[in-house]
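Undergrad: Attaching a predicted model along with its sequence, questions to come.
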Amino acid sequence: MLFQLPIPDSYYALSDAELGERIAARRGQLDDDLLILGHHYQQDEVIQHADFTGDSLKLSQLAAEEARKRGTKYIVFCGVHFMAETADILTDDEVTVMLPDLGAGCPMADMADYEDVVDAWESIHSVLGDHWRGRVIPITYVNSSAAVKAFVGEHGGACCTSTNARQIFGWAMAGGTRPAEDEERIKVLFLPDQHLGRNTASRFGLMTEVDEAAGRGLAETAVWNPKLEYGGLSEHRIRHAKILLWAGHCTVHMRFRPEQVDRVRQEYADKGGVTVIVHPECLQEVVDKADDVGSTEYIIRQIDQAKSGSNWVIGTEVHLVNRLAQRAAPRGVNVRSLGERHCLCVMMFRINPQHLLWVLDHLARGEVVNRIHVHPTVSEPAKRALERMLTHTGHAPAVPGTVS
């Protein structure tokens, strides 16, 4: 995580109305030179100033497309560090990407340190040995650093999103960049979110450690803990596992528990029932108990299509849930969070109107602050990992408005 120096106190002395007026004035002054992106998990006070809102990858893709059309010079990404990195990778060199608060990192992405990934790769291959007839294919969730994406790109792997993780798993298990040969064993190293990896493996038909604990069979997944020698695994476990899951997680989605699903079912038993829908970054025990599981894009679509009078409980970040609840209420659709406490992304919350205005004030004076720049030696292989994903899953053209 990068360090953010405090911005002047004068920004915090401004009222909400004054902040809004000054941000709007700066946006008008900068016109098409500026594009502001707002991630779904942002607070409303920031989202209201965004040209586009959505999930990280689609926002980066959209930024690249729109910047070319408009001749945009500056992109201010109201998200977290890895998102701004991805935007810098996908946009042209003439575009400058900025993050309003450099301290807005992603704990999950930080759990997969580049050096640890290199060490794991070498340790895994040292156990498998020269006579092992197979390949290890790395897959990284887009919620990872540019350096990790670059490692994956250099080693024949691909990125994935929560939407297309299953497709990318299938691509990798079939051999990835080249079809698997007869009797060739394919092993996947999945970074950095073990829960998305485990839930995807389960949906792919593989037995997981959760299934094994429930007596359903021998697990084909194993968790690699980078803090322990050989990931804390025996040689037999490393050789047997088809999927090695990095010991990372989302600090928001980890808060949802299977008991919460049981409680809301009881609560709505005499209120017409309830549909529980959760993000695949949640524990497998939560996903298994839920009625449905899907990415942010999928959750938004389900609520937008929900019938009047229906009840929905959602397991994902609270700012998005609250926004969906407000939008659905006039249609008679009841939406609430699965969390009994506010499940918010505290790193995303670091981005506020004060930091946004501070960045824009500097831009208006021709000064760039908090630039996020990925060196070409990193951005080129990282882009290969992203392009492999897009090649094998398709890329729908983005349109102005809200994307996911």
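TA: Arrived safely, thanks for sending.
Undergrad: So what does I277 look like in phi/psi?
TA: Main-chain dihedrals, I277, degrees, to the nearest 10: phi -130, psi 130.
Undergrad: can you pull the contacts of it?
TA: For I277, the contacting residues are A290, D291, D292, V293, G294, I299, Q302, W312, V313, I314, G315, by Cβ atoms under 8 Å, 6 or more residues apart in numbering. Glycine gets a C-beta too; all of them are placed from N, C-alpha and C.
Undergrad: how about the strands in the stretch 301-404 of the chain?
TA: Counting by DSSP state E, counting those that start in this stretch, the stretch 301-404 of the chain has strands at residues 311-315, 334-337.
Undergrad: winner for burial among the ones you listed?
TA: strand 311-315 (a mean of 25; mean count of other Cβ atoms under 10 Å).
Undergrad: which secondary structure elements does that one contact?
TA: If you count contacts as 3 or more Cβ pairs under 8 Å, 6 or more residues apart in numbering; DSSP states H and E, strand 311-315 packs onto strand 275-278, helix 296-304, helix 318-328, strand 334-337.
Undergrad: re earlier: in TSV: the strands of the stretch 301-404 of the chain, plus distance to I351 and mean pLDDT.
TA: Below are those laid out as TSV (distance: least, Cβ to Cβ, whole Å; pLDDT from 0 to 100):
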stretch	distance to I351	mean pLDDT
strand 311-315	22	98
strand 334-337	21	97
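Undergrad: For L206, find the nearest of the ones you listed.
TA: Among the strands of the stretch 301-404 of the chain, the nearest to L206 by Cβ to Cβ is strand 311-315 (22.7 Å).
Undergrad: Not counting that closest one itself, show me its contacts.
TA: For strand 311-315, contacts defined as Cβ under 8 Å, 6+ apart pick out 253, 256, 264, 268, 271-279, 282, 286, 290, 299, 302-303, 306, 321, 324, 328, 333-339.
Undergrad: what are the pairing partners of that strand, and which direction each?
TA: strand 275-278 (parallel), strand 334-337 (parallel) (DSSP bridges).
Undergrad: Check the offset of that strand from the chain's centre.
TA: 20 Å (Cα atoms, centre = their mean, to the nearest Å).
Undergrad: Ok, stretch 3-16 next?
TA: 28 Å.
Undergrad: Ok, stretch 365-377 next?
TA: 22 Å.
Undergrad: just stretch 49-65 next, same as before
TA: That offset, for stretch 49-65, works out to 13 Å (Cα atoms, centre = their mean).
Undergrad: residue farthest from the centroid of the chain?
TA: H131 (36.7 Å; Cα atoms, centre = their mean).
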